[in-house]
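**Student:** Predicted model and sequence below, questions to follow.
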Amino acid sequence: MTVAAFSDDLIAQFTAIVGASHAIRDQAELAPRLVENRGLYQGTSPLLLKPASTEEVAEIMKLASKTGTAIVPQTGNTGLVGGQTPRAGACDIILSLERMNKVREIDAVANVIVADAGCILEDIHTAADGVNRMFPLTLASQGSCRIGGNLATNAGGTAVLAYGNTRQLCLGLEVVLPTGEIWNGLRKLKKDNTGYDLRDLFIGSEGTLGVITAAVLKLFPKPLGHQVAFVGLASPDAALTLFEKATSLCGSALTGFELMPRLGVEFTTKHIPGVRDPLARPHAWYVLIDISTSDSSDAADAMMQVLLEHGLENGIVEDAVIATSDAQRQAIWHMRESMSEAQRPEGGSIKHDVSVPVSSIPEFMAAAETAVLQVIPDARICAFGHMGDGNIHYNISQPIGADKAEFIGRWREVNAVVHQLVLSCGGSISAEHGIGQLKRDELAHIRDGIEIDLMRRIKSAFDPAGIMNPGKVIATP
């Protein structure tokens, strides 16, 4: 069925559930919802629905199940693998959870917050701060991404080293199944061994098994001491040596260890307003070190001083600056978080969200650079990421003066080269962005047949009609 053939009667039935003002048919208004963040996927849809409650989501899914209508859940539309984008030429209905954006409950004693799936991540941070707590999931898109999408993709971010990814930060879920049934799993328990863990099936399923409508999330005490340093060094090998020292010296107080190349710093200082290089001269590589303690600011300062003195005395660190205010700490983090955005003005960028064992990062970086430059000799490699958990955003900007469309047209070719090296290191082709449409076919080739078959069985059990976000994660008949 094409969008044009989608019946007015069916649209009227869906519209009646949410009300005419929350059922969008105008294609100009729909347009921003039909394209993936990087422009890799352009879909089609006859209708965008904005339910206000879990009950309305359930009614939508009941009607969709009855009529065989495909539903694509969408929250902040910040995903980078096309998981939230409707299929091109199809008539998938977009189900937006943006109106379901309330904090239902916050309990500072139990250290939990219960939030609707449409809550913006930054608003959850603000709510936690209001009771002197913190929610540690931190992403560059936190001002627009929503927690339902974070859960559906098992988002990572910059604090995984200390707190784990989104899966580790969630205690319970509320989910509407493709049939319209509501599973209330909003449990606040840290220990619960009663049967299969359904929560973990839905987290990371990218909307292919059901619609996450609410979640119980873990909160943490705010650290009393916090310090950030920006360090210049010669190579990823030096960064790894410093990381080993940091983990032994700081333990759980080490809350961030980010690796950045000189090119990334040049891009951010050139294109991001207000960003400047904190060090006096250029260095080949940099790390951002973040330390948070439950003791005091003095304790965090002392720990950072000991770490950097060790690095300087042993020739690991070439130069370093320690932030002297919250504003400076935020400025250093802003440089790191803006690095992907800063690539846009430089033209086309072929991106990879990969992970390798931490100890293999230097080896992978060297091998990948050699392999990529053999394919595209003048490519500009801007590889950066969360060194503490092995997640590298291996991004490649087009050669200066190259044709952008021609360069982007080699996306799959370059992906194949980089991903082969990742797999040879025992790594993953998707560290935190998910599979979506971008890596669906590749997933089917790199996983064992039994693993893919088990995924298909799970998909079939939850969604026998195949209406939940079809064409994403796993190809089904």
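**Tutor:** Looks like it arrived, so ask away.
**Student:** helix, strand or coil for the residue nearest to the spatial centre of the chain?
**Tutor:** Taking Cα atoms, centre = their mean as the criterion, residue 155 is the residue nearest the geometric centre of the chain, at 3.9 Å. Under DSSP: H, G, I helix; E, B strand; the rest coil, residue 155 falls in the coil class.
**Student:** mind starting the numbering at 55 from now?
**Tutor:** Okay, using 55 as the starting number, the last item reads as residue 209.
**Student:** Give me the phi and psi for residue 287.
**Tutor:** Main-chain torsions, residue 287, degrees, to the nearest 10: phi -150, psi 180.
**Student:** on that earlier part again, the residue nearest to the centre of the chain: what's it in contact with?
**Tutor:** Taking Cβ atoms under 8 Å, 6 or more residues apart in numbering, we find residue 209 in contact with 191, 193, 199, 203, 219-220, 486. (Glycine included, C-beta is placed from N, CA and C.)
**Student:** From the domain annotation, what segments belong to each domain of the protein?
**Tutor:** 62-150, 157-275, 279-391, 401-478 (automatic domain parsing).
**Student:** which regions of the chain sit below the pLDDT cut-off?
**Tutor:** The chain contains residues with pLDDT under 70 at 55-59, 531.
**Student:** just to revisit the earlier point, the contacts of residue 209 in helices, which ones?
**Tutor:** residue 203 (DSSP state H).
**Student:** so which of the contacts of residue 209 would you say is closest to residue 140?
**Tutor:** Nearest to residue 140, judged by Cβ to Cβ, of those is residue 203 at 15.0 Å.
**Student:** Name the nearest residue to the closest one, sequence neighbours excluded.
**Tutor:** Closest residue to residue 203 apart from its sequence neighbours, by Cβ to Cβ, 6 or more residues apart in numbering: residue 129 at 3.8 Å.
**Student:** Just to check, that neighbour is in contact with residue 154?
**Tutor:** No: look at residue 129 against residue 154 with Cβ atoms under 8 Å: they stay out of range, at 9.3 Å.
**Student:** Between those two, which contacts overlap?
**Tutor:** By the contact definition Cβ under 8 Å, 6+ apart, residue 129 and residue 154 are jointly contacted by 171-172.
**Student:** Compare those two and say which one has the larger neighbour count.
**Tutor:** residue 129 (30 against 23; other Cβ atoms under 10 Å).
**Student:** The more buried one and residue 484: what is the separation?
**Tutor:** Per Cβ to Cβ, to the nearest Å, residue 129 is found 19 Å from residue 484.
**Student:** thinking again about what came up before, out of the domains of the chain, the one nearest residue 527 is which?
**Tutor:** Smallest distance to residue 527 across the domains of the chain (Cβ to Cβ): 5.2 Å, for domain 157-275.
**Student:** start to end distance for the closest one?
**Tutor:** 19 Å (Cα to Cα, to the nearest Å).
**Student:** could you turn the longest helix along the chain into PDB, dropping everything but the C-alphas?
**Tutor:** Scanning the chain for the helix with the most residues, using DSSP H, yields helix 351-367. This file holds the C-alpha atoms of helix 351-367, laid out as PDB (Å, rounded to 0.1, in the frame of the first residue of the first chain):
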ATOM      1  CA  SER A 351      36.800  19.100  45.700                       C
ATOM      2  CA  ASP A 352      40.200  18.900  47.300                       C
ATOM      3  CA  ALA A 353      40.200  15.100  47.000                       C
ATOM      4  CA  ALA A 354      39.400  15.300  43.300                       C
ATOM      5  CA  ASP A 355      42.100  18.000  42.700                       C
ATOM      6  CA  ALA A 356      44.700  15.900  44.600                       C
ATOM      7  CA  MET A 357      43.900  12.800  42.600                       C
ATOM      8  CA  MET A 358      44.200  14.700  39.300                       C
ATOM      9  CA  GLN A 359      47.400  16.300  40.300                       C
ATOM     10  CA  VAL A 360      49.000  12.900  41.300                       C
ATOM     11  CA  LEU A 361      47.900  11.400  38.000                       C
ATOM     12  CA  LEU A 362      49.200  14.200  35.800                       C
ATOM     13  CA  GLU A 363      52.500  14.500  37.700                       C
ATOM     14  CA  HIS A 364      53.000  10.800  37.100                       C
ATOM     15  CA  GLY A 365      52.300  11.200  33.400                       C
ATOM     16  CA  LEU A 366      54.700  14.200  33.000                       C
ATOM     17  CA  GLU A 367      57.500  12.600  35.000                       C
END
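**Student:** Remind me what that helix packs against, helices and strands.
**Tutor:** Here helix 351-367 touches strand 279-287, helix 290-304, strand 339-347, strand 373-376, going by 3 or more Cβ pairs under 8 Å, 6 or more residues apart in numbering; DSSP states H and E.
**Student:** Each with direction, which strands does the first one pair with?
**Tutor:** Spelled out, that is strand 279-287. The pairing partners recorded for strand 279-287 under DSSP bridges are strand 339-347 (antiparallel), strand 373-376 (antiparallel).
**Student:** Please identify the most buried of the ones you listed.
**Tutor:** By mean neighbour count, with neighbours taken as mean count of other Cβ atoms under 10 Å, strand 339-347 ranks first of the strands paired with strand 279-287 at a mean of 25.
**Student:** just how off-centre is it within its chain?
**Tutor:** 20 Å (Cα atoms, centre = their mean, to the nearest Å).
**Student:** hang on, the earlier thing: could you give the angle of the longest helix of the chain to strand 339-347?
**Tutor:** Using axes from the mean of the first three to the mean of the last three Cα atoms, to 10 degrees, the inter-axis angle of helix 351-367 relative to strand 339-347 is 150 degrees.
**Student:** what about helix 351-367, distance to the chain center?
**Tutor:** Distance, centroid of helix 351-367 to centroid of chain: 31 Å (Cα atoms, centre = their mean).
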